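Engineer: Below are the sequence and a predicted model for it; my questions follow.
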Amino acid sequence: MLPKVILASLRTRRTSALLIVAAIALSVLMIVGIDRVRHQVRANFASTVSGIDLIVSARGGPMNILLYSVFRLSDPTAGIRWQTVEHLAQHPDVKWWIPIALGDSHRGFPVVATNEAYLTHYRYGRDQALALQQGEWFVGADQVVLGSAVARQLNYQQGDKVVLAHGASGPAIVEHDNHPFTVVGVLAPTGTPVDQSLHISLAGMAAIHNGGAFLSGMPPLPGQQADKPDSVNAVMLGLTRRTAVLSLQRELSRYKPEPLSAIIPGVQLQRLWRITAAGENALRATSLAVLVVALLVLVSTVLAALEGRRHELAVLRAAGAGRWAVYGIIVGESLCLTVMGCLLGLLVLFVAQWGLAPLALVEWSLRLPEHFLALRELPAVAAILVAGSLAGLIPAEKAFRNSLADGLTPRN
Amino acid sequence: MVLHLHDLKYCHPGQDHPFLRVSDFFLEAGERVLLHGPSGCGKSTLLSLVAGIRPVPHGSIQVAGQAFSALSQRRRDAFRADHLGVIFQAFNLLPYLNAVDNVTLSAGFSKRRCEREGARSKAQRQQVARALLQRLGLDPQTSALPAWQLSFGQQQRVAAARALFGKPELIIADEPTSALDNHSRDVLLNLLCELCEQSGSALLMVSHDNQVAGHFQRSVSFASLNGEGDHAA
């Protein structure tokens, strides 16, 4: 019977009830939403490096190496010699290797010079290989394969001509306009930085820099073959056995011919998350503050309504309602409002995810979650429900005291 | 005896002179007694004490053989649910519930009341409530309306039906007819007295209006009851 009384009574105070529900929904939206974005960004980053055991680069900061080589978020370090790449390729622990040469861009999108190992060996997400949405992988030095976001945002088709610029981003200073590339393929969306990149062959990279400085600043050797440039920025390695990661990392750090750094992407990501934790905590604190405000709104609104409910409570008391029934009604009301707030918040989030998912994938290469409520989020939602119910204790006690003071004749 | 007040004293908070002082007052089982006196003399306060909503600071109240005033607040509330029916002067109902739900409200707090009506299921309780309402002159259509749509006289009948539900030993009524015209007043009191007689409930009603004394077996003036009390307030 109490649920019936609670719901019917709330219905008579629809407007203020809806405002409380909206305030709670907003805080749930923030708390769960921020957690989901955080979780998803981490999952996306982890997905991007999921298949890579080691990244080898010229000696430099490990974080910088991770950020530029995989995420193209930082400036590349100096190149490593092709002889070193060949040494890695022949190493018994190495199963596959992908060379990465960077430094050019096209209208803000980074250009990655690599070989066909990129298409066959690079893995993202749960062991997913890259796939071509249309066309094929480059063969010649004047061909380019676009990431899906590049193709979509610049509206490029197979057969279009693309002119690359020197420099990673910003306004192009030197355009390689004497060596245009032809789009031969477009990759399927992956939700990783691959979507934001243009892929050319190492020979193509060498060709556009012919006459200028090659990556390491050394001139190409006479008779150099097209796919053997003198240097690359980084090499992604897949190993025959994962257990060899640490020993190979140690071995490469003592590599004699030139100073190298070998990083384990997963380990660097963990370090990155430790760095970003402060910012995340600030966001979480903000959303908690919003929750506290919402609960204060709840308490004050329920308290304020008590004055007008003295008759209602006197009737219930006269009919036999004791302290626990009064508590049940007021706390139940707070719980009911909190439950509705949580449901509304989660629903809005769900609809937003659903509506923004295609846009997020194309614009930010971010895969949005598709669930309504994950198991991992249950503790937070349960804590909000408990907090909402506890908030009801204050007006509940007040209501009971009112009824004691009023006796059978409530004041108005 | 269904009600026995003994050496009852009550002071308003912050005052040391008793506002109420009742040395001895009782109701026999099934007896109907009118307590009359001017407004503001403390009748409602006395009823709040008898209903067990306010704690009794001094003296004792026995209801249905139980030392009611000695119980804890929680047990008083449970005891009230089981043994007492209450009718207010006005605002007796939860406006958002219909008449039937208002009548079964006390049933929700007391198993004993349901058992005394032989109504175990919700449907049976509603049937008993509808029958009571019909006896009090509310047809089933009216009983299904939300209480705020009922006239004042209808609301007081619903309140009477709720008090009577479960045949409690004692029904206390605080000026239930003061806002009714004489005719409606007499109709309601006739019905109330008749139903009290049928269910064996005693009725203690307070009123400023001595004209209704004819409906009662005994009429007591509040002044004579509250002998030594100070009601200058």
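Structural biologist: Arrived safely.

Engineer: so which residue of chain B comes closest to chain A?
Structural biologist: Proximity of chain B to chain A (CB to the nearest CB) peaks at B:Ala81, 2.5 Å away. Any C-beta I mention is one placed from the backbone N, CA and C, and that applies to glycine too.

Engineer: Tell me which helix or strand the residue nearest to that residue when sequence neighbours are not counted sits in.
Structural biologist: Spatial nearest neighbour of B:Ala81, chain neighbours left out: A:Gly320 (2.5 Å); criterion: CB to CB, 6 or more residues apart in numbering or on different chains. A:Gly320 belongs to no helix or strand when assigned by DSSP states H and E.

Engineer: do the same with the one 10 residues further on
Structural biologist: Using DSSP H and E, A:Ile330 sits in helix A:323-364.

Engineer: now A:Phe372
Structural biologist: Counting by DSSP H and E, A:Phe372 is found in no helix or strand.

Engineer: ok, now which ones touch the residue of chain B closest to chain A?
Structural biologist: The contact partners of B:Ala81, by CB atoms under 8 Å, 6 or more residues apart in numbering or on different chains, come to A:Ala319, A:Gly320, A:Ala321, A:Gly322, B:Ser106, B:Phe109, B:Ser110, B:Arg113.

Engineer: again, only using 10 Å
Structural biologist: A:317-322, A:325, B:52, B:106-113, B:166, B:168 (CB atoms under 10 Å, 6 or more residues apart in numbering or on different chains).

Engineer: Excluding covalently adjacent residues, which one is nearest to residue 120?
Structural biologist: All of this is about chain A. A:Ala129 is the one closest to A:Thr120 (CB to CB, 6+ apart), at 7.2 Å.

Engineer: My question was about chain B, not that one.
Structural biologist: B:Cys114 (6.6 Å).

Engineer: so how far is B:Ser201 from the one you found?
Structural biologist: Using CB to CB, to the nearest Å, B:Cys114 is found at 16 Å from B:Ser201.

Engineer: okay, those two: which has more neighbours?
Structural biologist: B:Ser201 (25 against 21; other CB atoms under 10 Å in any protein chain shown).

Engineer: quick one: secondary structure of the residue of the stretch 151-300 of chain A found nearest chain B?
Structural biologist: Nearest residue of the stretch 151-300 of chain A to chain B, counting by CB to the nearest CB: A:Leu298, 20.8 Å away. When classified by DSSP: H, G, I helix; E, B strand; the rest coil, A:Leu298 comes out as helix.

Engineer: how close does it get to B:Ala173?
Structural biologist: 38 Å.

Engineer: before we move on, what about A:Leu269?
Structural biologist: Distance from A:Leu269 to B:Ala173, by CB to CB: 76 Å.

Engineer: hmm, the helix holding A:Ile330 touching chain B?
Structural biologist: Yes - Helix A:323-364 lies within reach of chain B by CB under 10 Å from any CB of the partner chain, at A:Arg323, A:Trp324, A:Ala325, A:Val326.

Engineer: what bits of chain B have low per-residue confidence?
Structural biologist: Along chain B, segments meeting pLDDT under 70 span B:228-233.

Engineer: swap that for chain A, sorry
Structural biologist: A:167-174, A:176-178, A:209-228, A:411-412.

Engineer: Do a quick rundown of the helices in it.
Structural biologist: A:2-12, A:14-48, A:62-69, A:82-90, A:117-121, A:148-154, A:202-208, A:245-253, A:265-307, A:310-318, A:323-364, A:378-391, A:393-406 (DSSP state H).

Engineer: Tell me which of the ones you listed approaches A:Phe372 most closely.
Structural biologist: A:Phe372 lies closest, by CB to CB, to one member of these: helix A:323-364, at 5.0 Å.
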